[in-house]
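Colleague: Structure, please.
(chains A and B)
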Amino acid sequence: MESVLGRYRNLTILVGVLFLQVLGLAVQVKRSADTENTRLIRIWAVDLITPLERGLVWAQNGSSNLWHNYFFLRGVRAENRQLRDQIEQMRLEEVRLSEDATQARRLQSLLAFKEQFIAKTVAAQVIGSSGSDLSRSIYIDKGSNDGIAPDMAVITAGGIVGKVLHVYPSTSLVLMINDQSSGAGAMLEKSRLQGVLRGTPNGELMLERVMSDETVAVGETVLSSGGDQIFPKGLPVGTVSKVSVGKEMFLNIQVKPAADLSRLEEVLVVTQKREREPVAVSAGRVRAADILAQRLPSVPEKPVEVAGTVPVSGATVTAAKGLSTGAKPQSSNSGKLATAPAAGTAVAVKPTGDAQGSGVGLKKVAQKTAGGDSATADGLGSAGSNRVLSGSSNPIANPGANPSASLSPDSGTNPAANAAPKATVKSADSPAKPAADGAKPMSTPPNPQPPTTEDNPH
Amino acid sequence: MPITYTSGEQIEVYRFSIPVTVGVPLLALFLQAFLPRRFPFFSIFDLPLLVTIFFAMARRNPITGLLTGAAIGLVQDMLGPYPIGIYGIAKTVVGYGASSLGAKLDVENAGARLLVTLGFYLVHQAVYFTVARGMVNLALHWSWSREILAGLANAFLGVGLYFLLDKFKQRT
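Modeller: Take a look at the predicted model:
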């Protein structure tokens, strides 16, 4: 026996070493749910490699920042100007979107719709990978010391990236969504079809379990469905890049990831999710007729009717009783005040959008009399100035806006404006009152025009 | 392509200093983990495998070769998301094979090194696929074209790398 072992010593040792590794592998596979078995030796390996990676990333970022932040500043002025313009455009867009969001929130609350919100995230830097093209995983520079735990979602601004697999004190291993062993709940944005997102050995992303009789268009956006309890619902996953009929009556849907998974540098780890029901903004009592009237095409505005005059400290305020249901879209977002260009000219004053947005419009006419002062019923007057002011009706941007309250920055300078408001708003129709007191529009016109302003859009 | 069969007496056996023995595999593992994030194409290379083949062929001792392969492979496994041992088994086989071959053939020239590296890359991948599919149930798909291309890429890189590492050899 000894001679046989001696003769085949090398082979015996090879078999022994292989046997030990196979045995260890079998134990791990059998207890696949329990990652604690191999935790300690993984920590050794990670502690051996990651400090070098962290140091190199730090040095690389330092030199890159030094160059880009202090030396290479060509084109920054032009870029800055472009960004400012972009911000202005986005502000206008924000007004419209916040209107839509308010409406959506209100409808969701009606359905007792529960949402998962990302409450807290930790930014982390990608410092390395597993080092194999057969697995798709990355190392980040945040670990349990930073509040990271297994199964936390990892995202970027572009879309979802993966989930935390192993956590070490100062680093974590993230399994990306295109790894073949990963899975996530996903759905198609338009058709709302749900499926399971899986990686392939080649690093591609497939949406599985969608029946072949469904129609899926190339280019459709894929979102997280929230069904996996890891990724919050509605995060971008990618776009459908290829659709073909697969086996077992399911479609083969290839998805192009929204996040560039091969060139990740910084990621966000979702450390806390909050599930809450959306809080609807109280809209008060709104008549169905008003809502309907608001959605119907509007009738061109009639010429201003002068109903009466109220003298206010040297200025004459003429309040016109006017009920303008079905207000023009333009007027729902902005209330305009036009002061008289010349004495004796009648000026139409549109109230701020809250009143109109609720389907009830106030029309007040400030008739300029002697003294050249113009007083407004809603306190927006700017005495003696020939300019148009615009008040935002956006309930988000201007919470609790009340057309009867003073909104004008210079209202305090005008005694007429200070004195006038609540005394003269009596001319408004009775339905306007509850709407005006913090009422929010039920719906936003399909394409509301941005507030037309001369001085300041907001 | 001169691959000459030589007797044991004709073949030189090399050894390496401890810093090289420890540092070079660690550096290979580090680069393998670090570079693919910056240069995605780099993931096609397997630096730890090339280092395993180099040390095994230079030492020409099957036991040392298989132990070197096992150690490097296991550390590589520890850095990945899958169970530990898949790379370990594959590199153990390669370490044993390369050192056994190195004991019988002269693999000092570039042509021989190119062929040997290509061959062992394919052996490595075959063992890895077998273990990953058979034991860990990973759904890997074997593609000859991809594996041969990757093997050639590794072989060419290996030839350059071996000449660099030759400078650390110490004659026994």
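
Colleague: After the host helix or strand of B:Leu101, which helix or strand is next?
Modeller: Element membership for B:Leu101 (DSSP states H and E) is helix B:86-104. Toward the C-terminus, helix B:86-104 is succeeded by helix B:110-134 as the next helix or strand (DSSP H and E).

Colleague: name the helices or strands packed onto that next one?
Modeller: Packed against helix B:110-134, as judged by 3 or more Cβ pairs under 8 Å, 6 or more residues apart in numbering or on different chains; DSSP states H and E, are the following elements: helix B:47-59, helix B:86-104, helix B:144-165. Backbone N, C-alpha and C define where each C-beta goes, glycine included.

Colleague: Show me what counts as buried in the helix holding B:Leu101.
Modeller: Neighbour counts over helix B:86-104 (16 or more other Cβ atoms under 10 Å in any protein chain shown) mark B:86-103 as buried.

Colleague: Report the mean per-residue pLDDT for it.
Modeller: On average, the pLDDT along helix B:86-104 is 92.

Colleague: can you list the weak-confidence ranges in chain B?
Modeller: Of all residues in chain B, those with pLDDT under 70 make up the ranges B:1-11, B:172.

Colleague: Can you tell me which residue sits nearest the middle of it?
Modeller: Compute the mean C-alpha point of chain B, and by Cα atoms, centre = their mean the closest residue is B:Leu49, 2.8 Å away.

Colleague: B:Pro40 and A:Gly203, how far apart?
Modeller: With distances defined as Cβ to Cβ, to the nearest Å, the gap from B:Pro40 to A:Gly203 amounts to 10 Å.

Colleague: Of the two, give the one with the bigger neighbour count.
Modeller: A side-by-side neighbour count of B:Pro40 and A:Gly203, using other Cβ atoms under 10 Å in any protein chain shown, places A:Gly203 first with 19 against 16.

Colleague: about what we covered before: which one of the helices and strands packed on helix B:110-134 lies closest to A:Leu40?
Modeller: Ranking those by proximity to A:Leu40 (Cβ to Cβ) places helix B:86-104 first, at 16.5 Å.

Colleague: name the helices or strands packed onto that closest one?
Modeller: Of the remaining helices and strands, those touching helix B:86-104 by 3+ Cβ pairs under 8 Å, 6+ apart are helix A:9-30, helix B:47-59, helix B:62-79, helix B:110-134.

Colleague: Columns distance to A:Glu99 on top of those, output as JSON lines?
Modeller: Compiled in JSON lines, the helices and strands packed on helix B:86-104 are given as follows (distance: least, Cβ to Cβ, whole Å):
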{"stretch": "helix A:9-30", "distance to A:Glu99": "55"}
{"stretch": "helix B:47-59", "distance to A:Glu99": "57"}
{"stretch": "helix B:62-79", "distance to A:Glu99": "51"}
{"stretch": "helix B:110-134", "distance to A:Glu99": "54"}
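
Colleague: now, of those helices, which is deepest in the fold?
Modeller: Here the criterion is mean neighbour count by mean count of other Cβ atoms under 10 Å in any protein chain shown, and of the helices and strands packed on helix B:86-104 the winner is helix B:47-59, at a mean of 27.

Colleague: can you pull the buried residues of the lengthiest helix in chain A?
Modeller: Using DSSP state H to define each element, chain A has its longest helix at helix A:76-110. Using 16+ other Cβ under 10 Å as the burial criterion, the residues of helix A:76-110 that qualify are A:92, A:94-96, A:99, A:102-103, A:105-106, A:108.

Colleague: and the helices and strands packed on helix B:110-134 as JSON lines, adding distance to A:Arg42?
Modeller: Putting the helices and strands packed on helix B:110-134 into JSON lines (distance: least, Cβ to Cβ, whole Å) gives the following:
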{"stretch": "helix B:47-59", "distance to A:Arg42": "17"}
{"stretch": "helix B:86-104", "distance to A:Arg42": "13"}
{"stretch": "helix B:144-165", "distance to A:Arg42": "26"}
